[in-house]
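J.: model the structure of this input:
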Amino acid sequence: MSYVYNVGYGTCEESDFVQWIHAEQFSEDELSVIVEDCLIAALKKLAHPKSEYLHQRSPSFQDLMESTQFHAAMRKHGFARLRFVAAFSVFGWAEALDKGSWASHTDDGDKRMAGRLLTRFLKLRPNYLKELKIGKRKENRRRK
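T.: The predicted structure follows:
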């Protein structure tokens, strides 16, 4: 049996997590110690006086966790990257029922999904678009 571990970072605007598998089960504290070891391995390579990080005092967690050194250290600890058979992702800020929402940030898959959702949702709630227009008119009247 393999155990799955989610290792990553988050910022105010983004996050990135890598799913690792291992034959052994670790607690969060044990995983934290392993990740710390791997961060040290990455720091050994990336934190030196001639590094590209001179604008900072040290590399960021993002820099370290995305480095080949960090990934190699995780593999030395017996972890392997979890490989997905399939994945699903959409642009999270786009409106789910509007194919044109955030058009410059969405791809054809996002637009197709929004179109299919709208079609299926209108079968459940046929008056939704009328309700939406009434709601917008009331909102516009309040603003005046």
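
J.: how far away is the nearest residue to Lys44 once chain neighbours are set aside from Gly100?
T.: The shortest distance from Lys44 to any non-neighbouring residue, by CB to CB, 6 or more residues apart in numbering, is to Gln69 (7.5 Å). Where C-beta positions appear, they are placed from N, C-alpha and C, glycine not excepted. Separation of Gln69 from Gly100 (CB to CB, to the nearest Å): 44 Å.

J.: more neighbours, those two?
T.: Neighbour totals were compared for Gln69 and Gly100, and Gln69 leads with 17 against 10 (other CB atoms under 10 Å).

J.: residues contacting the more buried one?
T.: Ala41, Ala42, Lys44, Lys45, Leu46 (CB atoms under 8 Å, 6 or more residues apart in numbering).

J.: now swap in Ser27 and tell me
T.: Ser27 neighbours (CB under 8 Å, 6+ apart): none.

J.: circling back: tell me the one among the contacts of Gln69 nearest to Ser15.
T.: Proximity of the contacts of Gln69 to Ser15 (CB to CB) peaks at Ala42, which lies at 18.5 Å.

J.: re the thing from before, select only the buried ones of the contacts of Gln69 in ChimeraX?
T.: Those of these that count as buried under 16 or more other CB atoms under 10 Å are selected in ChimeraX with:
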select :41,42,45,46
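
J.: longest helix of the protein?
T.: Identified as the longest helix of the chain according to DSSP state H is helix 28-46.

J.: pLDDT on that helix, on average?
T.: Across helix 28-46, the average pLDDT comes to 95.

J.: need the residues that contact it.
T.: Contacts for helix 28-46 (CB under 8 Å, 6+ apart): 5, 7, 26, 53, 58-59, 61, 63-65, 67, 69-70, 72-74, 76-77.

J.: if we go to 6 Å?
T.: The contact list for helix 28-46 (CB atoms under 6 Å, 6 or more residues apart in numbering) reads Tyr5, Val7, Pro59, Leu64, Ser67, Gln69, Phe70, Ala73, Met74, His77.
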